[in-house]
Structures are given as structure tokens and as C-alpha cells.
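S.K.: Give me a 3D structure for the following:
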Amino acid sequence: MAPLILEAPRNILNILLATFWPSSPLLPRIDHYAPHEQAGFEGYYTRTLLSNNATLAIIFCWVKNAKTRPNLIHISYTTPDGKGWKYEFFPDKMDKIVGEQDEQTGLRTFEFRCAEVGTMRVTPTKTTYTIRHPSLTLDLEVTNRTPWSSDDPLSGPEGPIVQTDRLLPLHWFVYSTRSKATYTIKHGDEQALSGDNGVAHQEKNWGESFPSGWIWAQAFSSPKADTTTNPASQTSICLAGGNLLGMSAYLIGYRSSKLSWTFLPPFSFGWQDRGPSLYVDRSSANGNFNITTSTPFRSLVIKAHGPPGTYIDLAAPLSDGHEPGFCIESFGGRMRVEAWERDWPWGAWRLVESGEVGEAGTAAVEFGGAYWAERDKPKLQSNDDKED
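M.R.: Numbers count the residues shown, from 1 in each chain. Predicted coordinates for the structure are as follows:
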């Protein structure tokens, strides 16, 4: 506890600097996508939307001092209607190699290796996955990173809140809201699937443990979208939030050809999903949730739905290790947004943008922990993911 107490004044100073002087040379220049040595757990998630609108999801995660299942490698291929295949490996050992920080970009090179499954390697210019298993051969290369902030490529959804470091039990960092993906997948006796026009979302969590309950969602334009002639197809959104330290906190990023909006506490903050500028209505039984959050000058309305019957379950990192089936996710969802603005805090709102984010049936929608009920699982879960 003593080290945390000593860290508090420094963290508070960093928060103030990041809020009011974000370019301050006094702020540490940290690559938060690189491993955090002090974290109790750390997990990397890449979702790739393939040219056929199926999703390739890959997770590399570990829990320090776990009593059981210390490491997780998740690999799944899921069509919008919930069909596909899934592997969840819980190897006893996963090696971590961290290189030096690149002076120009501030990014580090690092790699995770598991002899029985494969590797994940990150450099300042690309991320590569190499998976070798008796029934699965997979190569994925992710390039052309789109950072959360074009002004500060090392910044993420938390903004100055990330300076709290170990004072908060959980952190979320989006490395890329949209990247180019090149892939080759060979599963069992199925025909090999390959392409060079996939679209990838990359993020990570770290801290002490996942929260007791949460929702997460992400959507962007399909690889088939014509972003040159149709600017609306450039939209993307990702969000995460739920129960943290007994309160409700959400981090939200919406990007389009015109808007680059981020919502974070104290605005997207409340108690039991209600606050002065936050309203969340969720129903895991129906696979949907609605969020409305605002600042004095901006407001965003989000409607997300993952059709029952399209969900697969995933393991999640808890303090004692990875818990199988702790969250459930659909890759065949839909997300709609309404973006509102006003000139004065007491002025009338005007609609500046609205519509569906990405192609219908390609959004990812997730409920985790206490935010979904076990009794809803048979209704939500894909037939391909149900246990025999």
C-alpha cells in the first residue's frame, strides 16, 4: 500500500498536466500498448473484419500469480449469424520479450511466444500473429494503424485518467480504431481463406482484474465499403464500461469523416448506469443496450443490438486466473448513433449526424460478468458454440 500512497501525488500532478497542458515535456511519454510490468493482468484483443464479413478474434492474455489458468490464447472465426469455430488455450507458459522504445514514435517492440500455439509480435509499424496448431494454421499481419488521437498517437480512450496508473483497478487502451489486415487461415479440412483487405481493431486491458459487470461494443465500416465516394462509410465506434469501484463509468469514442468525439468521466459517469450526463438501458436477454451521454456542448446517443442466437462465450481474466464463459459476444450486431451539438450549455440541441455505423450485421456487442444473466445464455448463444 505504501508505494501506492507515494505514487498518488505524482499521479495527480500528471492528471492536471495532461488535462491543462497535454504537450507538457514534464509528462512521461509512455507506450501503453506495451506490457505494464506492475499489472496484475494484461490482455490484448484484435478483432479483424474479413472480406466475407466474418470476424477473426484473437486474444493473448495472462494473469499474474493466478491460482489456475494463468494464460489465455483465444482464436475464433465467427460469421454474422454466429456460425464458425473457436479455440481457447490455457497454456502454463507464455514468454514475453520487450524491446527498446522507438525514439521517433515512442512505441516499443514486444513479442509473446507460446510454444504450443504461436506468437504475437508488435513493432512500431505492424502487428503479426503466427498460429500453428494441428488443426489450425493462421497468419495475420496488421498495418496502417489509426491511433485513437491523430494529435497524440500515444493517447487512448482514458485521456488524462490513464495517469492514475495503479490507483485504478482497470485500464483500457485502444491502439488502433482501424488498421489494414492481411490474412491466411486454414482450419481443419476447410478451404483456406485469405485476403489483403481485412479491417482490424486493436486494444488492450490491464490492471488487477476485469470488473464485476460490463458491456463493450465496436463497429466500423466493412472492408467492402467505398470510403472514397461514401464518406459515411468511414465511421467507427468503440466503447467499454460498467461497474468500477461501485460506480458506473464508460469510455466512448466515435469517429467519422466530420467528427472525432471522445466521452469519458466525469461526464460518462454515474451510479447504477445513471448520472447527470449518463443514461444506460441494457437487456442481455434481448441482446441490446442504449447509451446516452453528453458534455455541455456534445451529446451522443448509441443503440446497439446483437441478435440472440449469434453469441459465443469467452474467458475473462479475474484475480485468480481466467474464468471460461465469463462474457458473451456477438459479431453479427448493429449499432446506430445520433450526434448532437449546441453552442451554449443552456442552448437547444441540434442533430449533426446520425445513422448506422458500418454494415448491418458486422458490429460486435459484448456483455460480461453480472451484466448478463446465465439464464439468458441458451437464448443468446450460437448453436455452434453450445456445449454438447
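S.K.: Could you point out which residue ranges in the chain have low pLDDT?
M.R.: Counting by pLDDT under 70, the ranges of the chain that qualify are 1-28, 224-233, 374-375, 387-388.
S.K.: Which residue ranges of it form helices?
M.R.: 2-20, 377-380 (DSSP state H).
S.K.: Could you find the closest non-adjacent residue to residue 126?
M.R.: residue 143 (4.6 Å; CB to CB, 6 or more residues apart in numbering). Bear in mind the C-beta positions are built from the backbone N, C-alpha and C, glycine included.
S.K.: okay, now that neighbour: neighbour count?
M.R.: Here the number of neighbours of residue 143 (other CB atoms under 10 Å) works out to 15.
S.K.: same thing with the one 3 residues further on?
M.R.: Counted by other CB under 10 Å, the residues lying close to residue 146 total 19.
S.K.: Surely residue 144 touches residue 180?
M.R.: Yes - between residue 144 and residue 180 a contact is recorded at 4.3 Å, counting by CB atoms under 8 Å.
S.K.: Of those two, give the one with the bigger neighbour count.
M.R.: Neighbours of residue 144 and residue 180, each counted by other CB under 10 Å, are more numerous for residue 180; the result is 19 against 12.
S.K.: Pull the contacting residues for that one.
M.R.: Counting by CB atoms under 8 Å, 6 or more residues apart in numbering, residue 180 touches 142-144, 196-200.
S.K.: Try it again at 7 Å.
M.R.: 143-144 (CB atoms under 7 Å, 6 or more residues apart in numbering).
S.K.: In the beta-sheet assignment, what are the partners of it?
M.R.: Beta bridges link residue 180 to residue 143, residue 199, judged by DSSP bridges.
S.K.: mind checking how far it is from residue 49?
M.R.: Using CB to CB, to the nearest Å, residue 180 is found at 11 Å from residue 49.
S.K.: Repeat that for residue 71.
M.R.: For residue 71, the distance to residue 49 - CB to CB - is 26 Å.
S.K.: which of those two has more neighbours?
M.R.: Neighbour totals were compared for residue 71 and residue 49, and residue 49 leads with 29 against 21 (other CB under 10 Å).
S.K.: wait, isn't that one in contact with residue 362?
M.R.: Yes - counting by CB atoms under 7 Å, residue 49 does reach residue 362; the two are 5.9 Å apart.
S.K.: Need the residues touching each of those two.
M.R.: Joint contacts of residue 49 and residue 362 (CB under 7 Å, 6+ apart) are residue 222.
S.K.: Excluding chain neighbours, give the residue nearest to residue 33 in space.
M.R.: Counting by CB to CB, 6+ apart, residue 33 lies nearest to residue 175, which is 4.5 Å off, once chain neighbours are set aside.
S.K.: measure stretch 77-89 end to end?
M.R.: 15 Å (CA to CA, to the nearest Å).
S.K.: just how off-centre is it within its chain?
M.R.: Per CA atoms, centre = their mean, to the nearest Å, the displacement of stretch 77-89 from the mean C-alpha position of its chain is 18 Å.
S.K.: Tell me which residues are up against that stretch.
M.R.: Stretch 77-89 is contacted by residues 53-56, 72-76, 116-117, 136, 185, 187, 309-312, 315, 324, 331-332, 361-362, 382, 384-385 when judged by CB under 7 Å, 6+ apart.
S.K.: Quick one, which of the residues you listed are buried?
M.R.: 53-56, 72-76, 117, 136, 185, 187, 309-312, 315, 331-332, 361-362, 382, 385 (16 or more other CB atoms under 10 Å).
S.K.: and those, which of them are in strands?
M.R.: 55-56, 72-76, 136, 185, 187, 311-312, 315, 331-332 (DSSP state E).
S.K.: Going by distance to residue 163, which of the residues you listed wins?
M.R.: Within those, the smallest distance to residue 163 is 28.2 Å, found for residue 72 (CB to CB).
S.K.: Now do the contacts for residue 120.
M.R.: Counting by CB under 7 Å, 6+ apart, residue 120 touches 44, 60, 111-112, 129.
S.K.: Give me the PyMOL select line for the residues you listed, limited to the buried ones.
M.R.: Buried members of the contacts of residue 120, defined by 16+ other CB under 10 Å, are picked up in PyMOL with:
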select buried, resi 44+60+112+129
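S.K.: re earlier: give the contact list for the residue nearest to residue 126.
M.R.: Contacts of residue 143 (CB under 7 Å, 6+ apart): 125-126, 179-180.
S.K.: Show the buried residues in those.
M.R.: Using 16+ other CB under 10 Å as the burial test, the contacts of residue 143 include 179-180 as buried.
S.K.: wait, which of the contacts of residue 143 is closest to residue 336?
M.R.: Using CB to CB, those come closest to residue 336 at residue 179, 24.0 Å.
S.K.: From residue 125, how far off is that closest one?
M.R.: 11 Å.
S.K.: Go ahead and confirm residue 320 touches residue 65.
M.R.: No - using CB under 7 Å, residue 320 makes no contact with residue 65, being 8.8 Å away.
S.K.: So between the two, which is more surrounded?
M.R.: Neighbour totals were compared for residue 320 and residue 65, and residue 320 leads with 14 against 10 (other CB under 10 Å).
S.K.: Switch the contacts of residue 120 over to a markdown table; also include distance to residue 268.
M.R.: Putting those into a markdown table (distance: CB to CB, whole Å) gives the following:
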| residue | distance to residue 268 |
| --- | --- |
| 44 | 24 |
| 60 | 28 |
| 111 | 35 |
| 112 | 32 |
| 129 | 32 |
